[in-house]
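Colleague: return a 3D structure for these sequence lines:
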Amino acid sequence: METTGANLTNSNQTSLYKCQFNESFKYILLPLCYGIVLFLGLVLNLTALYVLLFKTKRWKSNTIYMFNLAISDTLYIITLPFLIYYYADENDWPFGNAMCKIIRFLFYNNLYCSILFLSCISIHRFLGICYPMRSLQWVSVRRARVVSVAIWVTVVSFQSPIFYFSQTLSVQGEKICYDTTSKELFSYFLIYSSVISVLLFCLPFITVMLCYFLMAKKLQESSAGHFTSTSKKKSVRMIIIVLCVFVLCFLPFHITRMIYYFFRQFDYPCRMLEASSIAYKVTRPLASANSFLDPILYFLAGQSFRNQLTRKENKKSRSNMHSDITLTTKM
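Modeller: Numbering: from 1, shown residues only. Now for the predicted structure:
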């Protein structure tokens, strides 16, 4: 992902920064990765939305959070064809400054909406396991709707500066679409990005880790015998899946991004800057991968979601069998 004017791959081009290094790998890696995310994410999220909207009769709190996750993922996924074209064309953005801002905004909007909604699902599961009686009062569909609206308002408000920071810049006849900002604004962007990372990633991540530690401890206690084997398995699946999404998708991206930003801001040697930039660009598709991992979470961790899909397939199979029997009888 192109982030600075310093990352131009052609060494004879004039750079805005002191370092020039080759990153031609991203012109293959990023279109390929984004193409996979586009295909899997579109199929899985549209399937999830179809089941949630047309096959789920009774919505629970987790259903509300999963629906919002699917909406957030889909909004981001529909921007991927623009990015695939951009990187396949080796960083020449033809879609205008406004679309550049929208694309960058929707990436970060999806990133932090996913983190917060997954955190809500984790807290919901934690309350059900550790405080089953009290959770009946704390957790409700109405409160889930209020929390969902609050998350959207919070993330959109916190990410609105992206419309100011992100911009296009013409470099030797090619137009770059920044996902950070210009050199002049970068010190301000670093402060903004650091605050966002702490508030919208570090705090939710710590909360999720604490919830799952307490849940795992509760499930191991002898007093947890009132949980059925199915309930335990479902809770363990939830722990594993959400932690995998955080550890594989969100954690590497935030670590490599902050290292790269600090190296760039504080004028580290070019070799270290290049290594950090490569690491950041490699982990960025991992952050996008949450867009198709979230629907897998619905399927593996949500029994009702699986039941809806199973009923749909069984109904289709019975319909085909009936047609075959009718055709055989007529013959």
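
Colleague: just the helices in the stretch 201-331 of the chain please.
Modeller: 203-220, 229-245, 251-265, 270-288, 290-301, 303-330 (DSSP state H, counting those that start in this stretch).

Colleague: also the stretch 51-200 of the chain?
Modeller: 61-77, 80-88, 97-130, 135-138, 141-159, 162-165, 186-197.

Colleague: format those helices as JSON lines; extra columns: mean neighbour count and distance to residue 239.
Modeller: No exception for glycine: its C-beta is placed from N, CA and C like everyone else's. Below are these laid out as JSON lines (neighbours: other CB atoms under 10 Å; distance: least, CB to CB, whole Å):
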{"stretch": "helix 61-77", "mean neighbour count": "23", "distance to residue 239": "15"}
{"stretch": "helix 80-88", "mean neighbour count": "19", "distance to residue 239": "30"}
{"stretch": "helix 97-130", "mean neighbour count": "21", "distance to residue 239": "8"}
{"stretch": "helix 135-138", "mean neighbour count": "13", "distance to residue 239": "17"}
{"stretch": "helix 141-159", "mean neighbour count": "15", "distance to residue 239": "20"}
{"stretch": "helix 162-165", "mean neighbour count": "18", "distance to residue 239": "32"}
{"stretch": "helix 186-197", "mean neighbour count": "16", "distance to residue 239": "24"}
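
Colleague: quick one: closest of those to residue 296.
Modeller: Within the helices of the stretch 51-200 of the chain, the stretch nearest residue 296 is helix 61-77; the backing value is 11.4 Å (CB to CB).

Colleague: wait, what's in contact with the closest residue to residue 68 other than its chain neighbours?
Modeller: Closest residue to residue 68 apart from its sequence neighbours, by CB to CB, 6 or more residues apart in numbering: residue 148 at 4.9 Å. Residue 148 sits next to 64-65, 68, 117, 120 when contact means CB atoms under 8 Å, 6 or more residues apart in numbering.

Colleague: which one of the helices of the stretch 51-200 of the chain has the lowest average pLDDT?
Modeller: Ranked by mean pLDDT, these bottom out at helix 135-138, with a mean of 75.

Colleague: output the below-cut-off pLDDT ranges for the stretch 151-300 of the chain.
Modeller: 222-233 (pLDDT under 70).

Colleague: and stretch 23-41, how far out from the chain's middle?
Modeller: Averaging C-alpha positions (CA atoms, centre = their mean, to the nearest Å) puts stretch 23-41 15 Å from its chain's average.

Colleague: how about it: buried residues?
Modeller: 23, 26-27, 29-31, 33-34, 37-38, 40-41 (16 or more other CB atoms under 10 Å).

Colleague: just give me the closest of those to residue 55.
Modeller: For these, the nearest to residue 55 is residue 41 (20.2 Å; CB to CB).

Colleague: ok, now which ones touch the closest one?
Modeller: 73-74, 77, 80, 291-292, 295.
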